[in-house]
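Student: Model the following, please.
(chains A, B and C)
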Amino acid sequence: MQTDLSSFSNPDFRRGASGLKEIAWYLVSSLFFRHSLALGKFPGFKAWLLRRFGAKVGKAVVIKPSVQIKFPWKLTIGDHSWIGEHVWIDNLAPVTIGSNVCLSQGALLLTGNHDYKKPSFDLITQPIVLEDGVWIGARSVVCPGVTARSHAVLAVGSVATKELEAYQVYQGVPAEKVRQRVILKGS
Amino acid sequence: MQTDLSSFSNPDFRRGASGLKEIAWYLVSSLFFRHSLALGKFPGFKAWLLRRFGAKVGKAVVIKPSVQIKFPWKLTIGDHSWIGEHVWIDNLAPVTIGSNVCLSQGALLLTGNHDYKKPSFDLITQPIVLEDGVWIGARSVVCPGVTARSHAVLAVGSVATKELEAYQVYQGVPAEKVRQRVILKGS
Amino acid sequence: MQTDLSSFSNPDFRRGASGLKEIAWYLVSSLFFRHSLALGKFPGFKAWLLRRFGAKVGKAVVIKPSVQIKFPWKLTIGDHSWIGEHVWIDNLAPVTIGSNVCLSQGALLLTGNHDYKKPSFDLITQPIVLEDGVWIGARSVVCPGVTARSHAVLAVGSVATKELEAYQVYQGVPAEKVRQRVILKGS
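Tutor: Numbers count the residues shown, from 1 in each chain, chains lettered A, B, ... in the order given. The predicted structure follows:
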């Protein structure tokens, strides 16, 4: 059997906003998120904009320059989390980021997949959940449907394809567990 | 022995177009390909532009925003293929993409290499061939000289350094065969 | 124990320049480094600009388009080295690049890390040294504190997390030694 992309379908996918809202977000994203200007000097401004487009964003969230977010209305971020430079949140499906989470520079959150067993190569979207204290390393990728449990770490340049257990460090393509994360009291 | 880049040479490399054509492509690429504006609302427009610069592009090819193509005059694409967001086709040598091929977001096709056994670090360019139904996953890299046979799959964040066999799935850095791709009839 | 990013501190980090100098570099970087215009037709211009901002740059250094450099005042480059397209030198700490070094397209040099064993997630910056003749492959990453000894090679898409020995080739995430690099005389 062969793939036939002319028969492609994504019947269950909902964009979640009107075309007008998407265009408005495109403009706001271009002006305030996707370029390299350091608007971090106005803390809270980007979070405020995201909330205007339906995102749930907690307090003291840091959003660095050159960040790409697909659909803010499918994004939830807790308190004191950081979104690094050149991070790409490609959230066709909901992405839920807890508190004290760090997404380092160049990290990519992927929610879209394809069913490569079907000729029609159907789109499959799956949510991503990053619980409190998670650290997603620089230039790493989180795949659709992945949950990173509390304080899990994904190392630089790694690809998470399955659940990351709490307080464990993962590395590689695909990422495997390599050690425990111990956080020392009073240090 | 040491590398001496002042002696660098690439005697066999041909850019394949006049300087004027390169400048024209630079402008067209900047205006219509490399930015984030969703011109997909005008299907066929980008394919038409590519053909004006010597590319062979089939019908119903989808080209997403923020795509970088080095030399369109060294590019061939079949029918119903998709070029995802932030894909970079760095085709110093010819790149041939079949029909029903999907290049997911952030994929990189590399055709330039260096002979690291020579002090002069000579440029070596080698073509890439992606046969029908191939899927190159998000943020993955295809190295110079690689052929991906019919319906091969390169997983997210992987690096293909050698031929990918037909209907097989590859993963890792470097990518190794991990399973078969079975496409189910009537599904 | 849990991470608490509201307690984040980086007491030992020095930006190394005045706010005014940073703003000036932001503008110069935006105008001449970070976009896609091929200014390589004016050899030496970008190196001259980098020197104005405190970088030590040798002769005949090639800097391709779309390059991002954090702090030029923490950058040293020898003679005849190449900085490829979309290279990102994120040098919070000093980065020292020797002569005849090639950073291929999309390579990332990381100098910032976090102490994930502390609730305050302290910033740790560590320098990077790339000795003469080193080749950092396309879309690869060099981690904080790494030294690449003379003529070491990091393969495409790999992540260097520890010292790369002289005249050895490394590959993978994390990168492991895979073969020796022999440079042939008179070739």
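Student: List the buried residues for the longest helix along chain A?
Tutor: In chain A, assigned by DSSP state H, the helix with the most residues is helix A:19-32. Residues of helix A:19-32 classed as buried by neighbour count (16 or more other C-beta atoms under 10 Å in any protein chain shown): A:Lys21, A:Glu22, A:Trp25, A:Val28, A:Ser29, A:Phe32. Any C-beta I mention is one placed from the backbone N, CA and C, and that applies to glycine too.
Student: Do you know the pLDDT at the third one?
Tutor: Right, the one you point to is A:Trp25. Looking at A:Trp25, its pLDDT stands at 96.
Student: Next one: it from A:Arg52, what distance?
Tutor: Separation of A:Trp25 from A:Arg52 (C-beta to C-beta, to the nearest Å): 9 Å.
Student: Next: the first one.
Tutor: Distance, A:Lys21 to A:Arg52, by C-beta to C-beta: 10 Å.
Student: One more: the fifth one?
Tutor: Distance, A:Ser29 to A:Arg52, using C-beta to C-beta: 12 Å.
Student: What parts of chain A come near chain C?
Tutor: Chain A comes close to chain C at residues A:36-38, A:60, A:79-82, A:86, A:100, A:102, A:105-106, A:132-133, A:135, A:138-139, A:150-151, A:153, A:155-158, A:169, A:171-173, A:181-185, A:187, as judged by C-beta under 8 Å from any C-beta of the partner chain.
Student: which ones are touching A:Asp132?
Tutor: A:Gly78, A:Gly98, A:Ser99, A:Asn100, A:Val101, A:Ser150, A:His151, C:Gln2, C:Thr3 (C-beta atoms under 8 Å, 6 or more residues apart in numbering or on different chains).
Student: Same question for A:Ile77.
Tutor: Contacts of A:Ile77 by C-beta under 8 Å, 6+ apart are A:Ala47, A:Leu50, A:Ala55, A:Lys56, A:Val57, A:Gly58, A:Val61, A:Ile83, A:Ile97, A:Val101.
Student: Nearest residue to the last one in space, please, no chain neighbours.
Tutor: With C-beta to C-beta, 6 or more residues apart in numbering or on different chains as the measure, A:Ser81 is the residue that lies nearest to A:Val101, at 4.2 Å, once sequence neighbours are left out.
Student: and the one you found, how many neighbours?
Tutor: 24 (other C-beta atoms under 10 Å in any protein chain shown).
Student: surely it meets A:Lys64?
Tutor: No: with contact defined as C-beta atoms under 8 Å, A:Ser81 and A:Lys64 do not form a contacting pair (11.8 Å).
Student: Which element, helix or strand, includes the closest residue to A:Ser104 other than its chain neighbours?
Tutor: Excluding the flanking residues, the one nearest A:Ser104 by C-beta to C-beta, 6+ apart is A:Ala138, at 4.1 Å. A:Ala138 belongs to no helix or strand when assigned by DSSP states H and E.
Student: follow-up on the earlier one: so which of the buried residues of helix A:19-32 is the closest to B:Tyr116?
Tutor: Using C-beta to C-beta, A:Ser29 is the member of the buried residues of helix A:19-32 that lies nearest B:Tyr116, at 41.2 Å.
Student: Identify the residue spatially nearest to A:Pro65, adjacent ones excluded.
Tutor: Per C-beta to C-beta, 6+ apart, closest to A:Pro65 is A:Ser36, 4.8 Å.
Student: Assign a three-state SS to the one you found, would you?
Tutor: coil (DSSP: H, G, I helix; E, B strand; the rest coil).
Student: Over to A:Lys46?
Tutor: helix.
Student: Report pLDDT for it.
Tutor: At A:Lys46, pLDDT is 95.
Student: Neighbours of A:Arg179, how many?
Tutor: A:Arg179: 11 neighbours (other C-beta under 10 Å).
Student: for chain A, which spans come out with low pLDDT?
Tutor: The model of chain A has pLDDT under 70 over residues A:40-41, A:186-187.
Student: Name the residues of it found near chain B, please.
Tutor: Close to chain B, as judged by C-beta under 8 Å from any C-beta, chain A has residues A:1-6, A:26, A:30, A:34, A:68, A:88, A:90, A:108, A:110, A:114, A:116-119, A:121, A:141, A:143, A:157-159, A:161, A:173-174.
Student: and with 7 Å instead?
Tutor: Proximity of chain A to chain B, by C-beta under 7 Å from any C-beta of the partner chain, involves residues A:1-6, A:30, A:34, A:90, A:108, A:110, A:114, A:116-119, A:121, A:141, A:143, A:159, A:173-174.
Student: circling back to that earlier point, so which of the residues of chain A next to chain C sit within strands?
Tutor: Those of those mapping onto strands are A:Trp82, A:Cys102, A:Trp135, A:Val153, A:Val169, A:Gln171, per DSSP state E.
Student: Pretty sure the fifth one sits against A:Arg179.
Tutor: Yes: when contacts are counted by C-beta atoms under 7 Å, A:Val169 is listed as touching A:Arg179 (4.9 Å).
Student: Setting aside sequence neighbours, what's the nearest residue to A:Tyr37?
Tutor: Just to correct that, residue A:37 is Leu rather than Tyr. In space, A:Leu37 is closest to A:Pro65, 6.1 Å off (C-beta to C-beta, 6+ apart).
Student: re earlier: most neighbours among the contacts of A:Ile77, which one is it?
Tutor: Neighbour-wise, these (other C-beta under 10 Å) top out at A:Ile97, 28 neighbours.
Student: circling back: what is the burial count for the residue nearest to A:Ser104?
Tutor: A:Ala138: 28 neighbours (other C-beta under 10 Å).
Student: Pretty sure it sits against A:Leu154.
Tutor: No: using C-beta under 7 Å, A:Ala138 is not in contact with A:Leu154, being 10.0 Å away.
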